[in-house]
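Asker: All I have is the shape, not the residue letters:
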């Protein structure tokens, strides 16, 4: 039963990674930018959600505000930071992205104080649902539901809608897509918006799960997100999801069985290195 | 006007003019005490308390007339809790000619800077960093707080003798702080009839403890000994309680801040900690520190602030006794302090530069830290002397 509980915890962690990493993959697929600053969008969503929840007492409203504030910040980051340097080598965008991450992290620290904030009232954190001798709290259940619903919605969007087809066309060949009347600019804004909404919702959920929102909460997940998209095969959506879940599981078991030797993040990155030694193209990436 | 008078006037004027551009004479200048703390980065929260404690100490000393008629002044620098930041900062203090420096930071930067100050023969006081090697840098380095091992031993005695529990699970932060606490605890656990059922370690950046909570439930200990800081301990304790773990939790001075209670909220109730700050103390400097700190900063006092307040007072007292000019004399004055009363107790330095203090056990009741017990055992809690 204990092992099943760890399995569930690993899946929950994997779902939070999936929501973050999908956005990173989208942006990488379109623009070849490693969007590390996605993590500050995650933190921004968490703060927006927490302040709304503590101000109004409504968690649904907190999710709405968190998602919208985060969602709006994505296109803004693209327009102000990435667009002017799109013709530069990819590492320029990466450096700019890391710059945003650091600046925003200290910005949160100046605005909201260095201590971190917790939810005044977080019923999802204390309420547990028990079944078959297992218990999960309500936040954990919502994380799984949110990940499944949002990622399915994205899959339907990408495969069944005109906008989705336009998006996929832009990923594979921007000039041809443009010549068929696809607005490449629109596709890019949409991608940043979707990625940022996902990050914002993940931020609110992780804030609820930890019962703490703090300036540096995005830092770690950003680098882990990068590791995941590499592991999944850069730009490969199913691979990214598989890598997210796998990493969550490895961490859930690793943190209690390998904890004396390695901490959670060391386990994650060691796992990444081990996989990439065997499959340099990533889990589901195709060998070139 | 005769030439003589005109010449004299000129001479007076030129002397006056040059005096205006020269620095004020030594007796009119402030005495500068170096003080570094993590003002930015992951430890910025403790850095804020550290600076507030030190500033309060300086304000109180200056309000009481300063030191030997001169005002004190802090020369604050940010070390980001990083060892690589500590070296240039230490060299700058030495280059600026400061005669004494206080660390309001963690073990990493403090340990790195200690060697530099020792080599330059500038006295250096660590306010709350716990690594044993800090004072081993040499005879110019002092520490006014507990070492981790000592605090771990106090917790073991408290759990065995006061709580009378046997089966304990350790949740240990995997940095020098957590490991020193765990080592001290395990070293004497057997002596107090404790059986360490299991130990799980976690990393500084961890905020999600699902698998640790599941493991604790499986092990079902009678009591938990939890190390860490408020920013990981707060979520950890909250997640343990939310997960249905009801065993008593004994924490450490890393939880000794109202931020711990602000984060863990109801889950913090009943948590006991080992620390050096007793909220219900009758010791005058400790009482005065607690009330003045809350009045000045509008937040409750915590261990970090009390520790930097202590270290600044030790520095000021040493300057009062030895003058502000000779670092070697200041060093000797610190080493010679006996039963000096400060915000964290009554302290006397041993030959290594460590102090003995009774350990305070505080319990969180009604959202406040309250006195629970005192572990006063000079043999068990003796700091190393070499």
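Answerer: Happy to help now that I have it. This structure is a prediction, so every number in the text was calculated from the model and none was measured. Residues are numbered from 1 along each chain as shown, chains lettered A, B, ... in the order given.

Asker: Look at residue A:54 and give its secondary structure.
Answerer: Here residue A:54 is helix, with the state taken from DSSP: H, G, I helix; E, B strand; the rest coil.

Asker: quick one: it and residue A:122 touch, right?
Answerer: No - assessed by C-beta atoms under 8 Å, residue A:54 is found out of contact with residue A:122, at 9.9 Å. C-beta here means a position set from N, CA and C on the backbone, and glycine is covered the same way.

Asker: neighbour count winner among the two?
Answerer: Shown here are residue A:54 and residue A:122; by other C-beta atoms under 10 Å in any protein chain shown, residue A:122 has more neighbours (23 against 15).

Asker: What's the local residue count around residue A:159?
Answerer: If we define neighbours as other C-beta under 10 Å, then residue A:159 has 10 of them.

Asker: quick one: low-confidence parts of chain A?
Answerer: In the predicted model, chain A carries pLDDT under 70 at residues A:285-288.

Asker: ranges for the strands of it?
Answerer: Assigned by DSSP state E, the strands in chain A fall at A:128-131, A:134-137.

Asker: which stretch among these comes nearest chain B?
Answerer: Closest approach to chain B among these (C-beta to the nearest C-beta): strand A:134-137, 6.0 Å.

Asker: buried residues in that closest one?
Answerer: With burial defined by 16 or more other C-beta atoms under 10 Å in any protein chain shown, the residues of strand A:134-137 counted as buried are A:135, A:136, A:137.

Asker: Same check on stretch B:73-87?
Answerer: Neighbour-count burial for stretch B:73-87 flags B:74, B:76, B:77, B:78, B:79, B:80, B:81, B:82, B:83, B:85, B:86, B:87 (criterion: 16+ other C-beta under 10 Å).

Asker: Might you report the residue contacts of the fifth one?
Answerer: Taking C-beta atoms under 8 Å, 6 or more residues apart in numbering or on different chains as the criterion, residue B:79 is in contact with B:36, B:37, B:38, B:85, B:86, B:89, B:105, B:109, B:113.

Asker: Please flag which of those sit within strands.
Answerer: B:36, B:37.

Asker: Quick check: the farthest pair among the contacts of residue B:79?
Answerer: B:38 and B:113 (12.8 Å; C-beta to C-beta).

Asker: Among those two, which residue is more densely surrounded?
Answerer: Taking neighbours as other C-beta under 10 Å, residue B:38 and residue B:113 compare with residue B:113 leading, 31 against 26.

Asker: my read: the more buried one touches residue B:88, true?
Answerer: No - Residue B:113 is beyond contact range of residue B:88, at 9.9 Å (criterion: C-beta under 8 Å).

Asker: Show me which residues of chain B are close to chain A?
Answerer: B:40, B:42, B:44-45, B:47-48, B:174, B:199-203, B:205-208, B:210-212, B:214-215, B:218, B:231, B:234-235, B:238-239, B:242-244, B:259, B:262-265 (C-beta under 8 Å from any C-beta of the partner chain).

Asker: Please, where are all the helices along the chain?
Answerer: Using chain A. A:2-31, A:38-56, A:59-77, A:90-112, A:123-126, A:138-160, A:162-172, A:174-179, A:184-210, A:217-231, A:237-257, A:264-278 (DSSP state H).

Asker: Correction: the question concerned chain B.
Answerer: Counting by DSSP H, the segments of chain B that form helices are B:3-21, B:44-63, B:83-95, B:107-120, B:148-157, B:176-189, B:210-219, B:230-242, B:258-264, B:284-297, B:303-322, B:327-335.

Asker: Show me the one of those helices that comes nearest residue A:30.
Answerer: helix B:210-219 (34.0 Å).

Asker: separation between the residue in chain A sticking out farthest from the centre and chain B?
Answerer: Distance from the C-alpha centroid of chain A, by C-alpha atoms, centre = their mean, peaks at residue A:179 (32.2 Å). Counting by C-beta to the nearest C-beta, to the nearest Å, the gap from residue A:179 to chain B is 47 Å.

Asker: dump the residue contacts of whichever residue of the stretch 1-150 of chain B sits closest to chain A.
Answerer: Chain A sits closest to residue B:44 of the stretch 1-150 of chain B, with a gap of 3.9 Å, by C-beta to the nearest C-beta. By C-beta under 8 Å, 6+ apart, the contact list for residue B:44 reads A:109, A:114, B:38.

Asker: how about a cut-off of 6 Å?
Answerer: By C-beta atoms under 6 Å, 6 or more residues apart in numbering or on different chains, the contact list for residue B:44 reads A:114, B:38.

Asker: One more: residue A:119?
Answerer: Residue A:119 is in contact with residue A:53, counting by C-beta under 6 Å, 6+ apart.

Asker: doesn't residue B:232 make contact with residue B:254?
Answerer: No - Residue B:254 is beyond contact range of residue B:232, at 8.8 Å (criterion: C-beta atoms under 6 Å).

Asker: Neighbour count for the two, which is higher?
Answerer: Set side by side, residue B:254 and residue B:232 show more neighbours around residue B:254, with 29 against 24, by other C-beta under 10 Å.

Asker: re earlier: distance to residue B:164 added to the helices of chain A, as TSV?
Answerer: Below are the helices of chain A laid out as TSV (distance: least, C-beta to C-beta, whole Å):
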stretch	distance to residue B:164
helix A:2-31	29
helix A:38-56	41
helix A:59-77	42
helix A:90-112	43
helix A:123-126	30
helix A:138-160	36
helix A:162-172	65
helix A:174-179	72
helix A:184-210	34
helix A:217-231	40
helix A:237-257	29
helix A:264-278	35
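
Asker: Fine, thanks again, bye for now.
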